[in-house]
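>>> have a look; sequence and predicted model below, questions after that.
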Amino acid sequence: MQILDGKIAAAAVRESLKTEVSQLKAQGKRAPHLAVILVGNNGASETYVASKQKNSLEIGFLSTLVRLDATVSEEILLSEIESLNNDATVDGILVQLPLPKHISEQKVIETINPNKDVDGFHPVSAGNLVLGIPTFIPATPYGIMLMLEHYNIPTKGKHAVVIGRSNIVGRPMSILLSSNLPYGNCTVTICHSHTPNLKELCLQGDIVVAALGRPGFVKEDMIKDGAVVIDVGITRVPDETKKSGFRIAGDVDFENVAPKTSYITPVPGGVGLMTIAGLLKNTLVAYKKAEGIE
Ligand code: NAP
């Protein structure tokens, strides 16, 4: 069993981005610029946004944070997005989800200019992904593809089982793994809460991606020997022994599943770190498009 270490793989992606950005700057070009909108002060969202900003700055991007109160109206949020859409110095726009209940996430996503949609959630990006047209790929599945690439995990002809069909993880993951890509070409089974024979399907998986948000759901008797297991789950579980009062739990019962696998991602320290790498890569793509590079 080998750990697919998000720290190592994400650092490699960041390093190559940092080199590219410094070369661009040496040519007198401006820095790529990511703008993040954070509504309210949800603890997990604060952590994610801080990490996205830190990583952006580390590789030489400009990073802007627009903070809005949890009571902000949908109209004001949409007008903030419009002004970032119209700001030629901003390459990528990300609105941290989830949003307060009175705001339509779909409207927000659709207001972002598809050319700046570095989260890859806009219907234009989703449609392009399905059609195999180069586009912004949602950061988490993109990060997983980068992880497979970093560790050179063979995927061609393998059976991948994806648990979860959300628009941000499961569904795009299933599309990528089934696409004709260097780390795609799998035969994919996508499972959800109405899948009756989940255990039998998982047992057929050469690659199993768990993205359902149920801590420890995937048990050792669901995984065949030598499978590759990718754990996307991030759930805060109350834990009095931690200063924060919680621990982060994945969707896989790591301790018991890991010995059966060929490769497995830990939580934390796996997919979560790759998600930011995917976001940064998308932002550089948006920048190059805006600058007419390549
Ligand atoms: P989501 O929107 O709640 O979707 C969960 C999916 O899992 C749904 O398709 C649901 O099926 C399915 N599901 C739920 N219970 C199931 C069960 N018992 N058996 C089979 N399928 C089941 O969640 P998400 O946004 O995709 O996120 C999934 C997990 O990944 C969460 O823990 C989240 O925090 C984490 N996450 C991590 C990252 C990262 O950077 N590492 C990024 C995003 C999300 P139905 O469609 O039938 O309801």
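Looks like it came in fine.
>>> what helix or strand does the nearest residue to Val95 once chain neighbours are set aside sit in?
Spatial nearest neighbour of Val95, excluding adjacent residues (Cβ to Cβ, 6 or more residues apart in numbering): Ile37 at 4.6 Å. Yep, even glycine has a C-beta here, placed from its N, CA and C like the rest. According to DSSP states H and E, Ile37 maps onto strand 33-39.
>>> just Leu284 next, same as before
Secondary structure from DSSP H and E places Leu284 in helix 271-291.
>>> so which bits of the stretch 1-150 of the chain are right by the ligand?
Thr140 (Cβ under 6 Å from any ligand atom).
>>> spatially, what comes nearest to the residue positioned nearest the centre of the chain if we skip its sequence neighbours?
Residue closest to the average C-alpha location in the chain (Cα atoms, centre = their mean): Thr140, at 1.6 Å. Setting aside the residues directly before and after it, Thr140 is nearest to Thr275 in space (Cβ to Cβ, 6+ apart), at 4.6 Å.
>>> do I have it right that that neighbour meets Ala139?
Yes. With contact defined as Cβ atoms under 8 Å, Thr275 counts as touching Ala139 (4.8 Å).
>>> hmm, back to that, distance check, the residue nearest to Thr140 against Asn42.
Distance of Thr275 to Asn42, given as Cβ to Cβ, to the nearest Å: 17 Å.
>>> which one of those two is surrounded by more residues?
Between Thr275 and Asn42, Thr275 has the larger neighbour count (other Cβ atoms under 10 Å), namely 27 against 17.
>>> show me where pLDDT drops low in the stretch 1-150 of the chain?
Along the stretch 1-150 of the chain, segments meeting pLDDT under 70 are nowhere present.
>>> picking up where we left off before, hang on, the residue nearest to the centre of the chain packs against Val169?
Yes. Counting by Cβ under 8 Å, Thr140 touches Val169, with 5.1 Å between them.
>>> shared neighbours of these two, anything?
Shared contacts of Thr140 and Val169 (Cβ atoms under 8 Å, 6 or more residues apart in numbering): Ala211, Val232.
>>> now do the contacts for the closest residue to Gly250 other than its chain neighbours.
Closest residue to Gly250 apart from its sequence neighbours, by Cβ to Cβ, 6+ apart: Val267 at 3.0 Å. Each residue near Val267 by Cβ under 8 Å, 6+ apart is listed here: Asp231, Gly233, Ile234, Ile248, Ala249, Gly250, Asp251, Val252, Phe254.
>>> could you rerun that using 7 Å?
Contact analysis of Val267 by Cβ atoms under 7 Å, 6 or more residues apart in numbering lists Asp231, Gly233, Ile234, Ile248, Ala249, Gly250.
>>> how near is it to Asn152?
Taken as Cβ to Cβ, the span from Val267 to Asn152 is 22 Å.
>>> end to end, how far does stretch 35-43 reach?
End-to-end distance of stretch 35-43: 19 Å, with Cα to Cα, to the nearest Å as the criterion.
>>> which residues touch that stretch?
45, 49, 52-53, 64-68, 70, 72, 77, 80, 84, 90, 92-96, 99-100.
>>> now do the buried residues in the strand or helix carrying Gln23.
If you go by DSSP H and E, Gln23 is part of helix 6-26. Using 16 or more other Cβ atoms under 10 Å as the test for burial, helix 6-26 gives Gly6, Ala9, Ala10, Val13, Arg14, Leu17, Val21, Leu24.
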